[in-house]
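[1] Quick one: sequence plus predicted model below, questions after.
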Amino acid sequence: MLHILSDLENGPEFMPACGLLGSYLGASLAKVVLDAELIGQAKRFLTPMKPTRERLAVEVIADVGPGGYFIEHPPHAG
């Protein structure tokens with residue numbers, strides 16, 4: 001995962017090792033699927049978050065206040 005994260009930070013067009021089992025002598029279609037899932041997760045991890053009032057839960061923080069319990073706050077219907 002750390003190798004994939006460092007590769008994706010540099011913006012590659014192609015990841016040649018997908019599906020390989022230790023070397024270029026063996027490959028697996030199941031490993032291709034697993035590697036593609038791992039790359040997708042790494043891309044989502046590296047995507048910057050866009051802070052909005054809803055994501056930061058500003059209203060919930062104001063409602064609960066200091067010393068309150070967020071778990072007891074009713075969920076937002078929306």
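    Cool, got the structure. Please read these numbers as outputs of a predicted model, since none were measured by experiment. Residues are numbered from 1 along each chain as shown.
[2] tell me which element residue 63 is part of?
    Taking DSSP states H and E as the criterion, residue 63 maps to helix 58-64.
[3] what about that helix, distance to the chain center?
    Relative to its parent chain, helix 58-64 has a centroid offset of 26 Å by C-alpha atoms, centre = their mean, to the nearest Å.
[4] now the helices for the chain?
    2-9, 29-46, 53-56, 58-64 (DSSP state H).
[5] mind checking which of the ones you listed is nearest residue 21?
    Closest to residue 21 of the helices of the chain, according to C-beta to C-beta: helix 29-46, at 6.4 Å. Heads up, the C-betas are built off the backbone N, CA and C, glycines and all.
[6] Please export the alpha-carbon coordinates of that closest one; PDB is fine.
    C-alpha atoms of helix 29-46 as PDB (Å, rounded to 0.1, in the frame of the first residue of the first chain):
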ATOM      1  CA  LEU A  29      -6.400 -12.500 -12.400                       C
ATOM      2  CA  ALA A  30      -7.600 -12.400  -8.800                       C
ATOM      3  CA  LYS A  31      -4.500 -10.400  -7.900                       C
ATOM      4  CA  VAL A  32      -5.300  -7.900 -10.700                       C
ATOM      5  CA  VAL A  33      -8.800  -7.400  -9.100                       C
ATOM      6  CA  LEU A  34      -7.200  -6.900  -5.700                       C
ATOM      7  CA  ASP A  35      -4.500  -4.600  -6.900                       C
ATOM      8  CA  ALA A  36      -7.100  -2.500  -8.800                       C
ATOM      9  CA  GLU A  37      -9.200  -2.200  -5.600                       C
ATOM     10  CA  LEU A  38      -6.100  -1.200  -3.700                       C
ATOM     11  CA  ILE A  39      -5.200   1.500  -6.300                       C
ATOM     12  CA  GLY A  40      -8.800   2.800  -6.100                       C
ATOM     13  CA  GLN A  41      -8.600   3.100  -2.300                       C
ATOM     14  CA  ALA A  42      -5.200   4.900  -2.500                       C
ATOM     15  CA  LYS A  43      -6.600   7.400  -5.100                       C
ATOM     16  CA  ARG A  44      -9.500   8.200  -2.700                       C
ATOM     17  CA  PHE A  45      -7.100   8.500   0.200                       C
ATOM     18  CA  LEU A  46      -5.000  11.000  -1.800                       C
END
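[7] Alright, that wraps it up for me.
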